[in-house]
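Asks: Here's a sequence, model it:
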Amino acid sequence: MLSFLGGVSNYEAFESRASSFNKIMDALKDDNVYSIGVVGIGGVGKTTLVKKVAKQAMQHHLFTTQVYFDLSSTRHSSILQVQDIQSQIAEMLGWDSKLWYRFGNERAVEMKERLKYEKILIILDDIWREIDLEGIGIPSCKDNDVKECKIVFICRDKELLYKGMGAQICFPVETLPPEEAWTLFNKTTGVCDSMEENKKLRSISTQVVEKCEGLPLAIVTIAKALKDETMVVWENALEQLKDCATSKTVNSCLEWCYTHLKQDDLKSLLLLCGSLSYDGDISMDNLLQYAMGLDLFDHVDSLEQARNRLLALVDILKASSWLLEDYRPQDRSNFDEQRCSSLLFTDPYNNFVRMHDVAYDVVREIASKDPHPFIVRQVVGLEEWSETNESKNCTFISVHCKAVDEQLPQVLVCPKLHFFLLHKDEYSLNIPNTFFQGMKKLQVLDLSKMDFEELPSSLNSLANLRTLRLDVCYKLKDIAGIGKLTKLQVLSLAGSGIQGLLDEMAQLSNLRLLNLNNCKELKVIPRSILSSLSRLECLDMTSCSNSQWAAVEGDHSNANACLSNLNHLSCLTTLSITIPDAELLPKDILFDNLTRYAILIGNSWWFRTNKALKLHNKALKLLKVNRGLDFGDGIIKLLERSEELVFSELSGTKFLLSPSNRMSFAELKHLDVSWSSDIQYIIDSMDQQFMEQGAFPLLESLSLWELKNLEEVWHDPIPIGPFGNLKTLEVSWCPKLRYLFWLSTARGLSLLESMKIEYCEAMQQVIAYGRESEDKDGGTNLELFPNLLTLELINLPQLISFSSKSTNERQPQVRFFNHKVSFSKLERLTLRDLPKLKPIELPEFKRDGLKIRI
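Replies: Purely as a prediction, here's the structure:
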């Protein structure tokens, strides 16, 4: 995956690693070797080495696809997300969805049979226990007929690799020898010249490097901490490292780096990260909500400021090597934090963070010591522990109840507690009504995924509570008493079973974030609530499609709120909402203050683009809407400045978009249109000013699907340089579309990377010659689509050529390509079910690494 190879550019090619690198590469080339192990202590650079190997293997075309999985969750949990691994493999290989209609074991059997013949590299990182490969559907060493598929295990335990995982061969990754450790430290600190001139500085740095014991993680972390610091700081670091026990010098290096962090909120955030998440993934949404509750950031007066501060601190921790750079979590199929995530973090590279497991252990050790009494317990016996002095002094508790018979104490007495997070495995856990009586100072409470139907009564006594998370509490129906928590700033009920909000919630006047995402049973929203939440900045009502909004404000026959009540939320800047009927939209609704939004207007049990929700900061989706309706000024403004527009089952217009002087779509990045039989043209550009200014300058992806009467993408006249930033193009099931673009438009698509056209019955050519200027031979010398990586032409019964001046199939001179098309970067070419296409020569496409399907 791209996310796995993201940090390879910083790889140091040490001579001591060259041997292991070359041996792993040789093993990948060896037809008799299927499973490979890479072993070494934590922080030694195993993953970094495998990244480099994987990148070179792909460059040498040893594999067509690679899939990477981080299995650090197996360290603390016996639960493995098998379906997540299966779905990611299937997605990377482009397998059809029929595989998922099979039951678990059948799915695994079919997947294993397919993988035997795929040139795929599977990398399983950070393995802590034996993994049942057969149960997932990954071929094992027992399969003698494996042809192409290979697997790399990354682990600290050689015996586990050989005996548990069946690795045929293992390659150790050793610590760096002194000279290479010195080189890495010297390069990271950037003080090469100073050390040559200053013997004292060189002496100190040499001793500091020795204390790091050749561990790259420790070397880089402490080098970054010492960079640009004074001699006094260097001397202090060495003194502290000398005082530590020999067996813990690496830990001491990292502990010194922690104490050297210059900002208190940076230290607090690092401790928070180290005390969260048993599978390694840390949600930025969760971090923000916890930080708001703990009042972690000084001089922050709004949710937006807190978000920006969090992003800045996370960047510092990444730059300091405490958090991993460019981390992107694996796709998840179950409802979890990723589906609960808000619009506040839409970038897939910043909505989760991860800490290296060595740093993770050190931070947890720091957090458990005074004056940082953070308690993280993953064992049974909470009731016994509640009687100890430790429970009386701690300020932070994260508890993971694993045992089915685990009993919580009637009262957990923690008078200094500010943060309480309760995890449980897949079983019911009873929380006594009196449980929270002994934690009056509590500011953050997270009871996500609990099984209660109503809140424990003692929860209402938490007068200092600022953040309350009740995500994915499916059985929760009754939240009575929540109005007493008047200091609440964050309330998250995402995925819960609540059927209505309560009038008492109008007392939550300090609330800044309300997350009702995926509360599918939510119907009742009293009008008094929205008008009272005067400080609310972020409201998430995604997938609340059953909410019974009043049609107009003041309708006494309906006690529910009207959408125009949103106008009372003067601080609202982030809104994600599902509006089931366009006619519920009042014309006077205003969205002027919104900086982020994901608004779905319309309702359906099935929405093809649902997986694209929240990809951009500003997204508007219209489903089963008549474009002839007067939406009012508010929605028109949103159309104008949206980054993502999705339309499905539209009616009442033959043009999807008709630009005017004010609607330039200058910010639009993603356009998706489907199931709209009235649409004949996507764009009508009769506005002269619009043509002169350039059309859709930022558009990156265009998807057209099931448009039965679509005749042209762009109705005359063609503006100058449209779609200049387009990277992805998909056109499917458009039976009247005879061509896709004129040559003049195609010339501007220099950034296009992926083109897929399928099931278009009338299409004769992809690129058409239609202008007098295009009939000249000048265009034949221009290379089209120089950055194209994937081209798929499937089931186009009338297709004669990709681009040609003639569409007469009887003319012998009709060629598949009528101009220079080298597709120098093409990786995948699919030409399938094209009956009128004459046999074509593909010598110029046949090169190493190109996957051709005909």
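Asks: In contact with the closest residue to P432 other than its chain neighbours, which residues?
Replies: Nearest non-adjacent residue to P432, counting by CB to CB, 6 or more residues apart in numbering: Q410, 4.9 Å away. From N, CA and C alone the C-beta is placed, and that goes for glycine too. With contacts defined as CB atoms under 8 Å, 6 or more residues apart in numbering, the neighbours of Q410 are 432, 434-435.
Asks: most neighbours, which of those residues?
Replies: Comparing the contacts of Q410 on neighbour count, F435 comes out first with 20 neighbours (neighbours: other CB atoms under 10 Å).
Asks: Check what pLDDT that residue gets.
Replies: pLDDT, F435: 94.
Asks: For the residue nearest to P432, identify the helix or strand it belongs to.
Replies: When elements are defined using DSSP states H and E, Q410 is found to belong to no helix and no strand.
Asks: all strands for the stretch 251-400 of the chain, in order.
Replies: With DSSP state E, counting those that start in this stretch as the definition, the stretch 251-400 of the chain shows strands at residue ranges 281-283, 352-354, 374-377, 396-401.
Asks: Could you do the stretch 651-800 of the chain as well?
Replies: Defined through DSSP E, counting those that start in this stretch, the strands belonging to the stretch 651-800 of the chain, from first to last, are 655-657, 670-674, 681-684, 701-705, 712-715, 728-732, 741-742, 754-758, 765-768, 790-794.
Asks: So for K587, which of the ones you listed sits nearest?
Replies: Judged by CB to CB, the one of the strands of the stretch 651-800 of the chain that comes nearest to K587 is strand 655-657, at 21.0 Å.
Asks: Could you list every helix and strand that that closest one packs against?
Replies: In terms of contacts (3 or more CB pairs under 8 Å, 6 or more residues apart in numbering; DSSP states H and E), strand 655-657 is packed against strand 681-684.
Asks: So which bits of the strand it packs on are buried?
Replies: Buried residues in strand 681-684, counting neighbours by 16 or more other CB atoms under 10 Å, are found at 681-684.
Asks: hmm, who's touching it?
Replies: Applying CB under 8 Å, 6+ apart, the set of residues contacting strand 681-684 from outside is 654-659, 671, 673, 695, 704, 710-715.
Asks: filter those residues to the buried ones?
Replies: Buried subset of the contacts of strand 681-684 (neighbour count, 16+ other CB under 10 Å): 655-659, 671, 673, 695, 704, 710-715.
Asks: Check those for the minimum pLDDT and say which it is.
Replies: P659 (57).
Asks: Grab the longest helix from this protein for me.
Replies: Taking DSSP state H as the criterion, the chain has its longest helix at helix 303-319.
Asks: For it, C-alpha coordinates in PDB please.
Replies: Only the C-alpha atoms of helix 303-319 are listed here, as PDB (Å, rounded to 0.1, in the frame of the first residue of the first chain):
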ATOM      1  CA  LEU A 303     -13.200  24.100  19.000                       C
ATOM      2  CA  GLU A 304     -11.400  25.300  15.900                       C
ATOM      3  CA  GLN A 305      -8.500  26.700  17.900                       C
ATOM      4  CA  ALA A 306      -8.300  23.400  19.800                       C
ATOM      5  CA  ARG A 307      -8.200  21.400  16.600                       C
ATOM      6  CA  ASN A 308      -5.500  23.500  15.100                       C
ATOM      7  CA  ARG A 309      -3.500  23.300  18.300                       C
ATOM      8  CA  LEU A 310      -3.800  19.500  18.300                       C
ATOM      9  CA  LEU A 311      -2.600  19.300  14.700                       C
ATOM     10  CA  ALA A 312       0.400  21.500  15.500                       C
ATOM     11  CA  LEU A 313       1.300  19.400  18.600                       C
ATOM     12  CA  VAL A 314       1.000  16.100  16.700                       C
ATOM     13  CA  ASP A 315       3.300  17.500  13.900                       C
ATOM     14  CA  ILE A 316       5.900  18.300  16.600                       C
ATOM     15  CA  LEU A 317       5.600  14.800  18.100                       C
ATOM     16  CA  LYS A 318       6.000  13.300  14.600                       C
ATOM     17  CA  ALA A 319       9.000  15.500  13.900                       C
END
